[in-house]
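Chemist: sequence first, then the predicted structure:
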Amino acid sequence: MSLLPPAGGHPPRAHPHLGGRIRFCVACGAELVFGKWERGDGSMQLLCPRPGCGHVHFLDPKLAAGVIASRGGKALLVQRKHNPGKGLWTFPGGFVNRGEVVSEAAAREALEETGVEVRVGPLLGVYSFPENPIVLVAYLGEILRGEPRPLDETAAVKLAGPEEIVPAELAFDTTRAALADWQAWAQDGRIPSAHPGEGGR
Ligand SMILES: [Zn+2]
């Protein structure tokens with residue numbers, strides 16, 4: 001075989017975001033190498049070494065959407081049933097499908113995970129961290145209809161006030177950052193229905 005890695009390249013299992021699950025070129029089937037993209041911007045990419053192909057397998061960020069839906073000033077949280085983060089808490093959210101409106105993905109996840117209809121908006125923030133492929137778009141929201149119950153990948157649900165959220169019990173960096181912002185918004189009185197006992201609508 002003449003499919004030698006380019007200088008400085010090595011097998012794709014070293015790629016930090018994938019754990020080696022993407023090994024072969026989708027265009028020609030040759031084994032990819034993780035190396036410097038000399039014909040591009042010099043960044044480290046998954047490259048096809050086969051002459052005449054040269055496909056670059058870009059690994060784009062992965063977009064997730066979530067909603068911190070409140071009722072009576074408390075946030076709807078879900079306990080994860082599976083890894084990553086099994087047993088830890090977050091708010092309803094998940095990956096955005098290609099072509100799907102981001103805010104609608106957040107509402108869909110809330111319905112799938114807890115059975116409630118939520119009104120999504122406004123935007124709380126966009127959360128990303130170094131070496132983490134996931135970019136989370138988090139919205140504020142309001143529970144419109146239904147009683148939250150654990151569905152889909154959810155082990156349990158609860159409504160938690162700003163003072164009841166324990167960072168160590170939360171699943172992800174993005175979750176912690178978004179809920180910290182939500183707590184700050186709540187303390188500023190900027191969360192809808194933030195009056196104890198109002199109980200939604
Ligand atoms: Zn190829």
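Modeler: Yes, it's here. Numbering: from 1, shown residues only.
Chemist: please count neighbours and contacts with C-alpha atoms only from this point.
Modeler: Noted.
Chemist: what mean pLDDT does the longest helix along the chain have?
Modeler: Taking DSSP state H as the criterion, the chain has its longest helix at helix 173-187. Helix 173-187 shows an average pLDDT of 95 in the prediction.
Chemist: what are the buried residues along that helix?
Modeler: 174-179, 182-183, 186 (16 or more other Cα atoms under 10 Å).
Chemist: give the contact list for Leu77.
Modeler: 68, 89-92, 157-160 (Cα atoms under 8 Å, 6 or more residues apart in numbering).
Chemist: surely Cys28 touches Pro51?
Modeler: No. With contacts counted by Cα atoms under 8 Å, Cys28 stays clear of Pro51, the gap being 10.6 Å.
Chemist: out of those two, which sits in the busier spot?
Modeler: More crowded of Cys28 and Pro51, by other Cα atoms under 10 Å: Cys28, with 13 against 9.
Chemist: kindly confirm my reading that that one is in a strand.
Modeler: No. Counting by DSSP: H, G, I helix; E, B strand; the rest coil, Cys28 falls outside a strand, being coil.
Chemist: from the ion, how far out is the residue nearest to Gly54 when sequence neighbours are not counted?
Modeler: Distances taken as Cα to Cα, 6 or more residues apart in numbering put Cys48 closest to Gly54, at 5.0 Å, once the chain neighbours are dropped. Applying Cα to the ion, to the nearest Å, the value for Cys48 to the ion is 5 Å.
Chemist: what about Cys48, neighbour count?
Modeler: Cys48, neighbours per other Cα under 10 Å, totals 29.
Chemist: surely it is in contact with Lys36?
Modeler: No. Using Cα under 8 Å, Cys48 is not in contact with Lys36, being 11.5 Å away.
Chemist: quick one, helices of the protein?
Modeler: Using DSSP H, helices in the chain cover 102-114, 173-187.
Chemist: to the ion, which of these lies closest?
Modeler: helix 102-114 (32.7 Å; Cα to the ion).
Chemist: let's have the helices of the chain in CSV, adding distance to the ion.
Modeler: Formatted as CSV, the helices of the chain follow (distance: least, Cα to the ion, whole Å):
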stretch, distance to the ion
helix 102-114, 33
helix 173-187, 35
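Chemist: tell me the centre residue of the chain?
Modeler: For the chain, the residue sitting closest to the mean C-alpha position, by Cα atoms, centre = their mean, is Ala64 at 3.7 Å.
Chemist: across the sheet, point out what pairs with it.
Modeler: Beta-bridge partners of Ala64, counted by DSSP bridges, are Phe95, Leu136.
Chemist: with adjacent residues omitted, what lies nearest to Glu104?
Modeler: Glu104's closest residue in space is Val120 (Cα to Cα, 6+ apart), at 7.8 Å.
Chemist: just the pLDDT for that neighbour.
Modeler: 97.
Chemist: go on, Val56?
Modeler: 95.
Chemist: next, give phi and psi for the closest residue to Pro133 other than its chain neighbours.
Modeler: Leaving out its chain neighbours, the residue that sits closest to Pro133 by Cα to Cα, 6+ apart is Pro61, at 4.9 Å. Dihedral pair for Pro61: phi -60, psi 160, per degrees, to the nearest 10.
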